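**Q** Give me the fold of what follows.
(one chain, ligands or ions: 2)
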Amino acid sequence: MIVTKEKPLEEILGFLMPHKRILIVGCDGCTQPPRGVREAKTYAMLVEMGGKLKNREIQCRTTTVAKQCDNNLCATTLTSQVKDIEAILSLACGVGVQTLSEVFPDIPVYPGQNTIFIGSQERESGTLYEKCKACGDCLLAETGGVCPITRCAKQLLNGPCGGQAKGKCEVGGWKNDCAWILIYNRLKDKGRLSEFTKFREQRDFRISQSPREINETEEKTEETP
Ligand code: SF4
Ligand code: SF4
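**A** Ligands and ions are numbered 1, 2, ... in the order given. Here you go, the predicted structure:
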């Protein structure tokens, strides 16, 4: 899931202040915490109240899209709803905001969220953990399912470094587990320590050079026997 965090209301009001009719668009896709229509209604209330406190009347309407990162879904769901709209406040991740900006180039689209990371959720504690940096060359098969790119503070491919003590990492004040000690323990339990001692060459950073693109149509054609 894509983990996002609310932008401060003052910042959002700063974007919206020149506009009167706003459409607040939630996303029912992978954004966490959820940012659907219920959250859009909460934002609408806050923005309208915030506007009043600044002697400005802002009218908000609310809606949501199944996935804001899908340009077709955005166009079919929202085209009829943006006719008299002066600006859009998106509650999706940065990809959703950019998709809406491309689908509706004449309407300013503002982000309501800061996009933080790709993560997993631990429901019991309500904590979201960063787990993947979309590096383009997944190593999990040989690291016991622990990602060194995300979980090692120095993104080392051959660890641990001298900065670990009692399984903790020096970066961040010995709070986080050392990724390479986790990897060692996982591989040891599985009787696969030869993968731990294997030397991993420097990554080819060209494959994660931004901006990246994938043509789904070409990929499907190549897969067809
Ligand atoms: S190695 Fe880590 S960052 Fe790269 S794709 Fe796998 S989980 Fe994601
Ligand atoms: S102590 Fe472990 S997690 Fe921290 S930088 Fe060194 S190898 Fe990476």
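**Q** give the contact list for residue 180.
**A** When contacts are counted by CB atoms under 8 Å, 6 or more residues apart in numbering, residue 180 touches 148, 152, 156, 159-161, 164. For every residue, glycine as well, the C-beta is placed using N, CA and C.
**Q** From the recorded domain assignment, give the ranges for this protein.
**A** Taking automatic domain parsing as the criterion, the chain consists of the domains 2-117, 137-206.
**Q** And the strands in this protein?
**A** Taking DSSP state E as the test, the strands found in the chain are 2-6, 21-27, 31-32, 59-65, 87-90, 109-111, 113-122, 127-132, 164-165, 168-169.
**Q** how far away is residue 87 from residue 60?
**A** Residue 87 sits 10 Å away from residue 60, going by CB to CB, to the nearest Å.
**Q** Next, show the common contact partners of these two.
**A** Joint contacts of residue 87 and residue 60 (CB under 8 Å, 6+ apart) are 22-23.
**Q** thinking again about what came up before, of the contacts of residue 180 - the most surrounded one?
**A** Sorting those by how many neighbours each has (other CB atoms under 10 Å) puts residue 152 first, at 24 neighbours.
**Q** Leaving out chain neighbours, which residue sits closest to it?
**A** residue 179 (3.9 Å; CB to CB, 6 or more residues apart in numbering).
**Q** same deal with residue 26?
**A** That would be residue 64: by CB to CB, 6+ apart, it lies 3.6 Å from residue 26.
**Q** Show the contacting residues for the one you found.
**A** 25-28, 36-37, 40.
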